[in-house]
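Engineer: From the sequence below, what's the structure:
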Amino acid sequence: MKICLLVPGSGGSFYCQNCLRDYSLVRALRVAGEDAAMVPLYLPPFGDEADTSEHLPVFFGGISVYLRHHVALLRRAPTWLDRLLDAPWLLKLAGAREGSTNAAQLGPMALEMLEGRHGFQKKEFDRLINWLDRHEKPDVIHISNALLIALATELRQAIDAPVVCSLQDEEPWVEAMGLPYSRACWDAIAGHAPHVSRFIATSGWYADRMAGKIGIPREKIDVLYPGVEIDEAGGGPISFDPPTIGFLSRINEAQGFDLLADAFIDLKRDPALENLRLRASGGCTHADKPFFKAVMTRLGAHGVRDSVEIVPRFTKPERRQFLRSLSVLSTPVRGGEAFGAQLLEAMACGVPVVQPRAGAYPEIIEATGGGLLYDAGTPGALAGALRSLLVDPQRARALGGAGRAAVRARYNMAGTADAMIRLYQSVLP
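Structural biologist: Residues are numbered from 1 along each chain as shown. Down below sits the predicted model:
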């Protein structure tokens, strides 16, 4: 079966669980014997994930999409100029500044993409369609998220192949655009939905939310938890010498790094935790730097900055090394997430997690037994949940062991790939 996954890149400047999910899936599909190609959109993959797209061209290059939106003359730019703007080194530079424009400012561009070939990106839609038809001839096309759903309409009309579409964390991005763009984007997504054979949500919680948001039957959405790649080498018991809290995600306000920093300040006041450390990894964008600097300044003002370490690199081997240095992991995302791949990565290393009772987190922790939940609206609840594990290594190791066993048995990427192949087969004519 020839499978083409259309995946937007993050530029490698921060931990993007959606990107990692897609890259890992491509590798697992190939191991399972399928002919899977990852077609990069906006930005190419970088670092240890670059092997998944070999040397395939980048479509809808982030720089050229931006310029076509703002400069009418460039909508008919010569091919040589498009190739220049899509040069990997230039796109990497642009990726490092991702987030410098907020979602509200990008609302018009997101809506334009949802207009398909009727918008300013017609040239690039035609280029992708022609390339897929001539070079790949896919049996199934898999779109990474619903903000790319206009591709489903265009591809179904041009290529005789079913389209499936993943759903994960579109909602916070669309809602951040504000009116009128958020409502217009939801309406546009709903208009393209009939051209998608199946939707794939990363949790039951998010499947329910998206069914309501875009007005599609809940039974048209399959729930398939993303898996993680298992390190068969394993690892020893988690360390408490010294006790260490970890944070793995993009280091910004939405991901709750400031909330964890405040909990850390509270915990350091406890004489029993005077040796406590905080380690954070996951990178940040240019736009995140003022927030990051403010949090680090606050940690310094409370006299705990020397107990905090920022780990700049987060490739796969480095993430595993980072996770194995932790006693517990927490990424207290405001409002929760549609999933949380970092939780499974931590559990795979035997590290328990502490998360707010929000989004898909209760679903994940109930299914794995690998951590604790707390009520985000209760003052001191995060610090209290963390403390309960930090002062009780036996309990923390028991939760981490339960999570590790569950991930290895039910949430590994090989199992995810097998389930995805069955789903692909179900939509074939």
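
Engineer: What are the boundaries of the strands in the stretch 51-200 of the chain?
Structural biologist: Remark: strands assigned in the stretch 51-200 of the chain by DSSP state E, counting those that start in this stretch are 140-143, 163-167, 198-201.

Engineer: mind giving me JSON lines with these and columns for distance to Gly256, mean neighbour count and mean pLDDT?
Structural biologist: To be clear about C-beta, it is placed using only N, CA and C from the backbone, and glycine gets the same treatment. Listed next are those as JSON lines, based on distance: least, C-beta to C-beta, whole Å; neighbours: other C-beta atoms under 10 Å; pLDDT from 0 to 100:
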{"stretch": "strand 140-143", "distance to Gly256": "29", "mean neighbour count": "25", "mean pLDDT": "97"}
{"stretch": "strand 163-167", "distance to Gly256": "22", "mean neighbour count": "25", "mean pLDDT": "97"}
{"stretch": "strand 198-201", "distance to Gly256": "23", "mean neighbour count": "22", "mean pLDDT": "98"}
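
Engineer: Next, format the ones you listed as TSV and append distance to Asp306.
Structural biologist: Formatted as TSV, those follow (distance: least, C-beta to C-beta, whole Å):
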stretch	distance to Asp306
strand 140-143	46
strand 163-167	42
strand 198-201	43
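
Engineer: Out of the ones you listed, which gets nearest to Ser330?
Structural biologist: strand 198-201 (24.1 Å; C-beta to C-beta).

Engineer: how far does the helix or strand following the closest one sit from the chain's center?
Structural biologist: Proceeding N to C from strand 198-201, the next assigned helix or strand is helix 204-214, under DSSP states H and E. Offset of helix 204-214 from its chain centre (C-alpha atoms, centre = their mean, to the nearest Å): 18 Å.

Engineer: what mean pLDDT does the helix or strand following helix 204-214 have?
Structural biologist: Heading C-terminal from helix 204-214, the first helix or strand you meet, by DSSP H and E, is strand 221-223. The pLDDT scores in strand 221-223 average 98.

Engineer: Quick check: end-to-end length of stretch 261-274?
Structural biologist: In stretch 261-274, first residue to last residue: 15 Å (C-alpha to C-alpha, to the nearest Å).

Engineer: Report the buried residues of that stretch.
Structural biologist: Neighbour counts over stretch 261-274 (16 or more other C-beta atoms under 10 Å) mark Ala261, Asp262, Ala263, Phe264, Ile265, Asp266, Leu267, Lys268, Leu273 as buried.

Engineer: Also stretch 401-417?
Structural biologist: So stretch 401-417, judged by 16+ other C-beta under 10 Å, has buried residues 401-404, 406-408, 411-413, 415-417.

Engineer: For the stretch 151-300 of the chain, give me the ranges with low pLDDT.
Structural biologist: Within the stretch 151-300 of the chain, the ranges that satisfy pLDDT under 70 run 232-235.

Engineer: could you pull out the helices for it?
Structural biologist: 170-177, 181-192, 204-214, 257-268, 289-301 (DSSP state H, counting those that start in this stretch).

Engineer: can you put the ones you listed in CSV and add distance to Asn18?
Structural biologist: What follows is the helices of the stretch 151-300 of the chain, written out as CSV (distance: least, C-beta to C-beta, whole Å):
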stretch, distance to Asn18
helix 170-177, 10
helix 181-192, 17
helix 204-214, 12
helix 257-268, 19
helix 289-301, 21
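
Engineer: Tell me which of the ones you listed sits nearest to Ala346.
Structural biologist: helix 257-268 (13.8 Å).

Engineer: And the contacts of that closest one?
Structural biologist: Applying C-beta atoms under 8 Å, 6 or more residues apart in numbering, the contact partners of helix 257-268 are 245, 247, 249, 251, 273-274, 276, 278, 280, 291-292, 294-295, 298-299, 302, 304, 307-308, 330-332, 334, 380, 382-383, 386-387, 390.

Engineer: 7 Å instead?
Structural biologist: 245, 247, 251, 273, 276, 278, 280, 295, 298-299, 302, 304, 307, 330, 332, 380, 382-383, 386-387 (C-beta atoms under 7 Å, 6 or more residues apart in numbering).

Engineer: and that helix, how far from the chain's centre?
Structural biologist: On C-alpha atoms, centre = their mean, the centre of helix 257-268 falls 24 Å from the chain's centre.

Engineer: relative to helix 289-301, how tilted is it?
Structural biologist: 10 degrees (axes from the mean of the first three to the mean of the last three C-alpha atoms, to 10 degrees).

Engineer: Now distance to Arg324 too, for the buried residues of stretch 261-274, in a markdown table please.
Structural biologist: Below are these laid out as a markdown table (distance: C-beta to C-beta, whole Å):
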| residue | distance to Arg324 |
| --- | --- |
| Ala261 | 22 |
| Asp262 | 26 |
| Ala263 | 22 |
| Phe264 | 20 |
| Ile265 | 25 |
| Asp266 | 26 |
| Leu267 | 21 |
| Lys268 | 23 |
| Leu273 | 21 |
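
Engineer: Mind listing what's buried along stretch 179-195?
Structural biologist: Result for stretch 179-195 [16+ other C-beta under 10 Å]: buried residues Tyr181, Ser182, Ala184, Cys185, Trp186, Ala188, Ile189, His192, Ala193, His195.

Engineer: about what we covered before: of the buried residues of stretch 401-417, which belong to helices?
Structural biologist: Gly401, Ala402, Gly403, Arg404, Ala406, Val407, Arg408, Met413, Gly415, Thr416, Ala417 (DSSP state H).
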